[in-house]
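Participant: one predicted model, sequence on top.
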Amino acid sequence: ARLDGADLTEATLHDTYLRGASLDGTSLVRADLSRAELTGASLQRANLTDCSFKAASLDGASFQASNMQRVKLHAASARGADFSYAALQGAHFHDAKLEGANF
């Protein structure tokens, strides 16, 4: 799926299958992506402020240069994910799996 630049502010997308999707530049402010499948997805330069990725699958996803302030990644799997240049102030990674992730 290609959703580059989409405005998905406050969207409810929990349990959504977006494996390998392109969401570059997308606004997902206050969106709920709990338990979503986003393995290998690209969310570069996305606005993810206050977004919830609780228990989501984010392995190998790219969050380069994204705004991830106060994002919730509780119990998410983000192995090998790329968070380089992302704004992570107030982000919650409690019980997240981050082996091989790049910050």
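Facilitator: Perfect, thanks for sending it. Numbering: from 1, shown residues only.
Participant: what about the helices in the chain?
Facilitator: Taking DSSP state H to define them, one finds no helices in the chain.
Participant: contacting residues for Phe93?
Facilitator: 73-74, 76 (C-beta atoms under 8 Å, 6 or more residues apart in numbering). From N, CA and C alone the C-beta is placed, and that goes for glycine too.
Participant: equivalent analysis for Phe83, please.
Facilitator: Contacts of Phe83 (C-beta under 8 Å, 6+ apart): 63-64, 66, 68, 101-103.
Participant: next one: Leu58
Facilitator: With contact set as C-beta under 8 Å, 6+ apart, Leu58 has these partners: 38-39, 41, 73, 76-78, 81.
Participant: can we see that at 7 Å?
Facilitator: Listed by C-beta atoms under 7 Å, 6 or more residues apart in numbering, the contact set of Leu58 reads 38-39, 76-78, 81.
Participant: identify the farthest-apart pair in those residues.
Facilitator: Spanning the widest gap among the contacts of Leu58 are Thr39 and Ala76, at 11.3 Å by C-beta to C-beta.
Participant: higher neighbour count, the two?
Facilitator: Ala76 (30 against 21; other C-beta atoms under 10 Å).
Participant: got TSV for the contacts of Phe93, with pLDDT and distance to Arg19 too?
Facilitator: TSV is the format used below for those (pLDDT from 0 to 100; distance: C-beta to C-beta, whole Å):
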residue	pLDDT	distance to Arg19
Leu73	98	17
His74	97	21
Ala76	98	15
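Participant: could you report the separation of Ser52 from Asp32?
Facilitator: According to C-beta to C-beta, to the nearest Å, Ser52 and Asp32 sit 5 Å apart.
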